[in-house]
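**Student:** Need coordinates for the below:
(chains A and B)
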Amino acid sequence: DTEVTQTPKHLVMGMTNKKSLKCEQHMGHRAMYWYKQKAKKPPELMFVYSYEKLSINESVPSRFSPECPNSSLLNLHLHALQPEDSALYLCASSQDSGPWEQYFGPGTRLTVT
Amino acid sequence: GENVEQHPSTLSVQEGDSAVIKCTYSDSASNYFPWYKQELGKRPQLIIDIRSNVGEKKDQRIAVTLNKTAKHFSLHITETQPEDSAVYFCAASTRGNNRLAFGKGNQVVVIP
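**Tutor:** Residues are numbered from 1 along each chain as shown, chains lettered A, B, ... in the order given. Just a heads-up that it's a prediction; the model follows:
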């Protein structure tokens, strides 16, 4: 089973709201990723967790806060976002630290109003 | 860091014809090259990948070739079908590195 799941599918939030995106995989993968994707652009790496520890933060603004509660779950906490943060947020996982096949979830379509 | 260039940006082919997308990379240490297909509104889907110890890999109608000397790799789709219409992203990664450097993507349109 190469499935990564994400909730919610769609999210609309105001600039003062706090919300969270959730990602789950049950493939026993030890690396998990958050990507941001704008229309007609490739995915842009935000964070990487390896063995539940944050290993890469691509200079993402602090209004995005990742969390890895356990090896199967990955959260992205959102606070005080800007309209330009509207995008598709993709979670991915891979067997281990790279390079291994990365499998993407369906994404959360985020709109910031 | 790694830089991946992808050409052409848009490719239109008649159904049944072949499509070829080429990517070039800059870091000679890169050793893993996946291809993702992304249909409109869907997730990027890993369709094929190749590692640097292999020159070619095939899976039914798709194949990937790698030329390490020239630092380029290509996706070949034969007998194209309308369901092959999508954006295709190439990527490259280096041993021990979780980062995938993506190309900008190719819009492939298969004309029935």
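**Student:** Check chain A and tell me which residue is nearest its centre.
**Tutor:** What sits nearest the mean C-alpha location of chain A, by Cα atoms, centre = their mean, is residue A:34, with 3.0 Å.
**Student:** beta partners of that residue?
**Tutor:** Beta-bridge partners of residue A:34, counted by DSSP bridges, are residue A:47, residue A:91.
**Student:** Quick check, pLDDT for it.
**Tutor:** Looking at residue A:34, its pLDDT stands at 98.
**Student:** so it touches residue A:75, yeah?
**Tutor:** No - the pair residue A:34 / residue A:75 is not scored as a contact, 9.4 Å apart, by Cβ atoms under 8 Å. All C-beta atoms are positioned from the backbone trio N, CA, C, and that covers glycine.
**Student:** Which element, helix or strand, includes the residue nearest to residue B:76 when sequence neighbours are not counted?
**Tutor:** In space, and not counting its chain neighbours, residue B:76 is closest to residue B:63: 4.5 Å by Cβ to Cβ, 6 or more residues apart in numbering or on different chains. Per DSSP states H and E: residue B:63 is located in strand B:62-67.
**Student:** Strand partners (parallel or antiparallel) of whatever helix or strand comes next after that strand?
**Tutor:** Where DSSP H and E defines the elements, the next helix or strand beyond strand B:62-67 is strand B:72-77. Using DSSP bridges, the strands paired with strand B:72-77 are strand B:19-25 (antiparallel), strand B:62-67 (antiparallel).
**Student:** Comparing these, which comes out most buried?
**Tutor:** For these, the largest average neighbour count (mean count of other Cβ atoms under 10 Å in any protein chain shown) is found in strand B:19-25, namely a mean of 20.
**Student:** what mean pLDDT would you report for that strand?
**Tutor:** 97.
**Student:** What's the local residue count around residue B:42?
**Tutor:** By other Cβ atoms under 10 Å in any protein chain shown, 13 other residues sit near residue B:42.
**Student:** Hmm, it is touching residue A:105, no?
**Tutor:** No - at 11.0 Å, residue B:42 and residue A:105 do not qualify as touching, with contact defined as Cβ under 8 Å.
**Student:** where do the helices sit along chain A?
**Tutor:** In order along the chain, chain A carries no helices (DSSP state H).
**Student:** Which residue comes closest to residue A:55 once chain neighbours are left out?
**Tutor:** With Cβ to Cβ, 6+ apart as the criterion, residue A:55 has its nearest non-adjacent residue at 5.0 Å, and that residue is residue A:48.
**Student:** dump the residue contacts of the residue nearest to residue A:42 when sequence neighbours are not counted.
**Tutor:** Spatially, and ignoring its direct neighbours in sequence, residue A:42 is nearest to residue B:102 (3.6 Å; Cβ to Cβ, 6+ apart). Counting by Cβ atoms under 8 Å, 6 or more residues apart in numbering or on different chains, residue B:102 makes contact with A:42, A:43, B:4, B:89, B:90, B:91.
**Student:** what's across from residue B:86 in the sheet?
**Tutor:** Bridge pairing for residue B:86 - DSSP bridges - gives residue B:108.
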